[in-house]
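Participant: curious how this folds, go ahead:
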Amino acid sequence: MLTGNTFWTAFATSTAAALVTSLGVYTVRRFSAWGERNSAYFICLAAGVLISASAFTRSSVDSSTRSRPLSAS
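Facilitator: A predicted model of the protein is given here:
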């Protein structure tokens, strides 16, 4: 299993998310007029991502928690 690498995996993905978010904030601040014109599109994109993430998370949780027959011990 990846038990020993769990911290580094979480750290790497968190760092990547922070970098992408920082790049987005910089872009919107730097080009504020463009950001204001397209804010409705950003809101729709964010809503779509949140809905998709919750749908995929729900399906993965459902598949991992299905009842399995107990092994004889």
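Participant: quick one: contacts of the host helix or strand of Trp34?
Facilitator: Assessed by DSSP states H and E, Trp34 sits inside helix 32-37. The contact list for helix 32-37 (CB atoms under 8 Å, 6 or more residues apart in numbering) reads Thr27, Val28, Arg29, Phe42. (Glycine included, C-beta is placed from N, CA and C.)
Participant: okay, and for the chain, where does confidence drop off?
Facilitator: Scanning the chain with the threshold set as pLDDT under 70 gives 1-4, 58-73.
Participant: tell me the centre residue of it?
Facilitator: Ala53 (6.6 Å; CA atoms, centre = their mean).
Participant: tell me how far it lies from Ala47.
Facilitator: Distance of Ala53 to Ala47, computed by CB to CB, to the nearest Å: 11 Å.
Participant: for Ser14, same thing?
Facilitator: Counting by CB to CB - Ser14 and Ala47 are separated by 23 Å.
Participant: same check on Phe7?
Facilitator: 32 Å.
Participant: need the helices for the chain, in chain order.
Facilitator: Applying DSSP state H to the chain gives helices spanning 6-30, 32-37, 39-64.
Participant: convert the C-alpha atoms of the shortest one to CSV, please.
Facilitator: If I follow you right, that is helix 32-37. C-alpha atoms of helix 32-37 as CSV (Å, rounded to 0.1, in the frame of the first residue of the first chain):
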residue,chain,number,x,y,z
SER,A,32,-9.4,42.9,-13.8
ALA,A,33,-11.5,44.2,-16.7
TRP,A,34,-11.3,40.9,-18.4
GLY,A,35,-12.1,39.1,-15.1
GLU,A,36,-15.2,41.3,-14.5
ARG,A,37,-16.5,40.7,-18.1
